[in-house]
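> predicted structure and sequence below. I'll ask about it afterward.
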Amino acid sequence: MVESKKARKQRKAFYNAPVHVRRKMVASHLSDDLRKEYKVRSTQVIKGDTVKVMRGDEDINGVEGRVTEVITKTGRVVVEGVTTAKADGTQVARPVHASKVMIMKLDLSDGKRKDKLTKAKEVSQ
């Protein structure tokens, strides 16, 4: 999708991309087990996937939870259990960039997604 290696141009391409293209850019690596099973390194993150936060502050690093929302505008995902405190003490969801999480369990309720992963598996064999 992006031709340049320059971070500035990659960010510009992401933010100027149409919605249907930007959706495909919100992807994460798969865990080692899923990578061996489907022969794919990464895939799009969708609501319902179980992910593990791999980067970030000590309080969120290593947290595993389900994705409750995918924010395509910023390329971030909202994970259950990853929150931050507001000034009044209430907890609010803390979005995490999709590249900083690893998909541990896939939500295969979508038939198209399941077909795409199985086709990729067949092609690699």
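That came through, no problem.

> show me where the protein has strands.
Here the chain has its strands, by DSSP state E, at 27-30, 42-44, 50-53, 64-71, 76-79, 83-85, 91-93, 96-97, 101-105.

> pick the most buried one from the ones you listed.
Comparing the strands of the chain by mean neighbour count (mean count of other C-beta atoms under 10 Å), strand 76-79 comes out on top with a mean of 23. Yep, even glycine has a C-beta here, placed from its N, CA and C like the rest.

> let me see the contact set for the residue located most distally from the centre of the chain.
Computed with C-alpha atoms, centre = their mean, the residue of the chain farthest from its C-alpha average is D88, at 30.1 Å. D88 sits next to no residue when contact means C-beta atoms under 8 Å, 6 or more residues apart in numbering.

> angles on the backbone of it, please.
When quoted as degrees, to the nearest 10, the phi and psi of D88 stand at phi -90, psi 0.

> right, I'll leave it there.
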